[in-house]
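*Asks:* sequence below, structure please.
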Amino acid sequence: MADTQNTPEKHDKLSTEPYKGVRDFYPEDMAIQKRIFSIWRDTAEKYGYEEYSASVLEPSALYRAKSGEELVNEQTYNFTDRGEREVTLRPEMTPTVARMIAARRRDIMMPARWYSIPNLFRYEQPQRGRLREHWQLNVDIFGVTSLNAEIEIINIAYDIMIAYGLKNTDFEIRLNNRKLVNHINKDVFALDQDAAHKLSKILDKKAKINEETFVSSVKEIFAERSEDAKKFLALINSNNIEEFISHLPQCSANHESVREVREVMAGLERLGITNVSFAQTLMRGLDYYTGIVFEIFDLNPENRRSVFGGGRYDDLLSIFGNEKLPAVGFGAGDVIARDLLETYSGLNDTKNTSADVAICPINENNTPYALDIAEKLRDSGVRTVIDFSNKKIGDKIANANRRNIARVICIGDEEVANGKLTIKVLSSGEETITNESDLLSHFKE
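*Replies:* This is a model prediction of the structure:
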């Protein structure tokens, strides 16, 4: 009888699928991501912003303090490490940059203009434009109290949308002011803190729930004050800022928050940015916003959702025991960025090009010389790949063409003997014969 004691258990094969809500990036995907990151970096640096980074791990207390309990308890990946510390995979970057600024507050020259491209994690239902892991551009300016900060930040976001291939008629910039919401809740309707918080939360969800649910929720918050509920709903259903102001008491029509919205809209208009509207229900759910908030919406039915979001958060550094520091910033994700490029620019021109030239030895004896040529090209900054396969020379050339490599140099016994090389441009078939000593001149722009 066979001994089965040491027979290994038969296991099911592991799945090749990635974890739900995250992506694998094959070379062709990386080419698109590099294109997106290039747009982000080029635009941010055009305005003088400096890049920074940080670890993906943060103490959970950082998000609990300012982002809100809902984010920490329902939308983050939390765990307890071996030192019994509660740790979170970062769901956003703003608390991290605030921590970094607070750590070196006295050493950092103000105003500080910083940007980063971190990967972020949120445990939520994957859908078009939203996954559980994504990369996000964060752009922030610190130390500017004037609304010039908001205008500059929104201008950067606008420029990125144009770089994606959109026209200003393809998207809309929506503005609100947290100061205005607070003023209405506290001063106009005299809501207590608990009721005001509930009303802000239901406003933030307005676009995601039906009108009947929204109205009933508002009436429930106002309880017996049916006339006030009616006035609030009329205010919230206004079509523009002028209609909105008409529903306010006269003493509120020129409130600081209203003036700020008008000033930002006027400043953007001076820059030629006219696709801006007032959005009285826009809240930007996170608790740390203190002033102007904005979102950019794509108007195409395929992507009709927020593309960018941000605002002013002057109080965030106070959780570290520091004095308040004025700050304005926004975030923009790579998932929706790819959707926008696909919709407006097309992805066919985003080619994954691994090299500038492919060197194809005709046989194994020609490889040492091919290696010498490749090193000279690489030393001069020319991306060079050598085809070491045993395929026929025609197949090697075809393979280089499929990889979007622009040129090939085929090396046989004759090329090794006389040092004369033929550079073939694959797109046109044009061939140029050159001496080895003059080779580099053909790759200079």
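*Asks:* which positions in stretch 107-123 come out as buried?
*Replies:* Using 16 or more other C-beta atoms under 10 Å as the test for burial, stretch 107-123 gives 108, 111-118, 120-122. C-beta coordinates here come from the backbone N, C-alpha and C atoms, glycine included.
*Asks:* and for stretch 30-45?
*Replies:* 31-33, 35-37, 39-40, 43-44.
*Asks:* out of the buried residues of stretch 107-123, which are inside helices?
*Replies:* Assignment to helices by DSSP state H places none of these there.
*Asks:* which one of the buried residues of stretch 30-45 is nearest Ile409?
*Replies:* Using C-beta to C-beta, Ala31 comes nearest to Ile409 of the buried residues of stretch 30-45, at 23.8 Å.
*Asks:* next secondary structure element downstream of the top helix by length along the chain?
*Replies:* The longest helix of the chain (DSSP H) is helix 27-46. Next in sequence after helix 27-46, counting helices and strands by DSSP states H and E, comes strand 50-51.
*Asks:* in the chain, what secondary structure element scores lowest on mean pLDDT?
*Replies:* helix 69-74 (a mean of 68; mean pLDDT, DSSP states H and E).
*Asks:* what residues are bridge-paired with the residue nearest to Ala327 when sequence neighbours are not counted?
*Replies:* Spatially, and ignoring its direct neighbours in sequence, Ala327 is nearest to Phe142 (4.8 Å; C-beta to C-beta, 6 or more residues apart in numbering). Following DSSP bridges, Phe142 is listed with bridge partners Ala112, Ala327.
*Asks:* burial of Phe142, as a residue count?
*Replies:* Neighbour count for Phe142, taken as other C-beta atoms under 10 Å: 22.
*Asks:* what's the answer for Ser306, then?
*Replies:* Ser306 is flanked by 20 other residues according to other C-beta under 10 Å.
*Asks:* repeat that for the one 3 residues further on.
*Replies:* Close neighbours of Gly309, defined as other C-beta under 10 Å, add up to 21.
*Asks:* same deal with Ala406?
*Replies:* Other residues near Ala406 come to 18 when the count uses other C-beta under 10 Å.
*Asks:* my guess is it contacts Ser427. True?
*Replies:* Yes: taking contacts as C-beta atoms under 8 Å, Ala406 lies within contact range of Ser427: 6.9 Å.
*Asks:* can you put the buried residues of stretch 30-45 in JSON lines and add pLDDT?
*Replies:* Shown next, in JSON lines, are these (pLDDT from 0 to 100):
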{"residue": "Ala31", "pLDDT": "90"}
{"residue": "Ile32", "pLDDT": "92"}
{"residue": "Gln33", "pLDDT": "93"}
{"residue": "Arg35", "pLDDT": "93"}
{"residue": "Ile36", "pLDDT": "95"}
{"residue": "Phe37", "pLDDT": "97"}
{"residue": "Ile39", "pLDDT": "96"}
{"residue": "Trp40", "pLDDT": "97"}
{"residue": "Thr43", "pLDDT": "97"}
{"residue": "Ala44", "pLDDT": "97"}
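*Asks:* quick check, nearest of these to Ala398?
*Replies:* Ala31 (20.4 Å).
*Asks:* quick check: which ranges of this protein have low pLDDT?
*Replies:* Within the chain, the ranges that satisfy pLDDT under 70 run 1-11, 66-72, 129, 285-286, 348-350, 445.
*Asks:* if we can go back for a sec, same list (the buried residues of stretch 30-45) but as CSV, adding distance to Glu269.
*Replies:* Conversion of the buried residues of stretch 30-45 to CSV gives the following (distance: C-beta to C-beta, whole Å):
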residue, distance to Glu269
Ala31, 37
Ile32, 34
Gln33, 34
Arg35, 31
Ile36, 29
Phe37, 31
Ile39, 25
Trp40, 25
Thr43, 21
Ala44, 23
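*Asks:* residue contacts, Thr367?
*Replies:* When contacts are counted by C-beta atoms under 8 Å, 6 or more residues apart in numbering, Thr367 is found next to 361, 386, 388.
*Asks:* so how far is the helix or strand harbouring it off the chain centroid?
*Replies:* According to DSSP H and E, Thr367 maps onto helix 367-379. Put simply, helix 367-379 sits 40 Å off its chain's centre (C-alpha atoms, centre = their mean, to the nearest Å).
*Asks:* what residues sit buried inside that helix?
*Replies:* Quick answer for helix 367-379 (16+ other C-beta under 10 Å): 367, 369-370, 373-374, 377.
*Asks:* contact partners for Thr80?
*Replies:* Counting by C-beta under 8 Å, 6+ apart, Thr80 makes contact with 86-87.
*Asks:* so where do the strands sit in the stretch 151-300 of the chain?
*Replies:* 171-177, 276-278, 292-298 (DSSP state E, counting those that start in this stretch).
*Asks:* for the second one, name the packing helices and strands.
*Replies:* If you count contacts as 3 or more C-beta pairs under 8 Å, 6 or more residues apart in numbering; DSSP states H and E, strand 276-278 packs onto strand 171-177, helix 256-270.
*Asks:* nearest to Arg305, of those?
*Replies:* Ranking the helices and strands packed on strand 276-278 by proximity to Arg305 (C-beta to C-beta) places strand 171-177 first, at 10.9 Å.
*Asks:* who's in contact with stretch 230-242?
*Replies:* 184, 189, 199, 203, 206, 215, 218, 222, 244, 246-248, 258, 261-262, 277-278, 280-281.
*Asks:* then it to PDB, C-alphas only?
*Replies:* Presented in PDB, the C-alpha positions along stretch 230-242 are these (Å, rounded to 0.1, in the frame of the first residue of the first chain):
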ATOM      1  CA  LYS A 230     -39.400  76.200   2.800                       C
ATOM      2  CA  LYS A 231     -37.100  79.200   2.600                       C
ATOM      3  CA  PHE A 232     -34.100  77.000   2.800                       C
ATOM      4  CA  LEU A 233     -35.200  74.800  -0.100                       C
ATOM      5  CA  ALA A 234     -36.000  77.900  -2.200                       C
ATOM      6  CA  LEU A 235     -32.500  79.200  -1.400                       C
ATOM      7  CA  ILE A 236     -30.800  75.900  -2.300                       C
ATOM      8  CA  ASN A 237     -32.800  75.500  -5.500                       C
ATOM      9  CA  SER A 238     -31.600  78.900  -6.900                       C
ATOM     10  CA  ASN A 239     -30.300  78.800 -10.500                       C
ATOM     11  CA  ASN A 240     -27.500  81.300 -10.000                       C
ATOM     12  CA  ILE A 241     -25.800  83.500  -7.500                       C
ATOM     13  CA  GLU A 242     -28.200  86.500  -8.100                       C
END
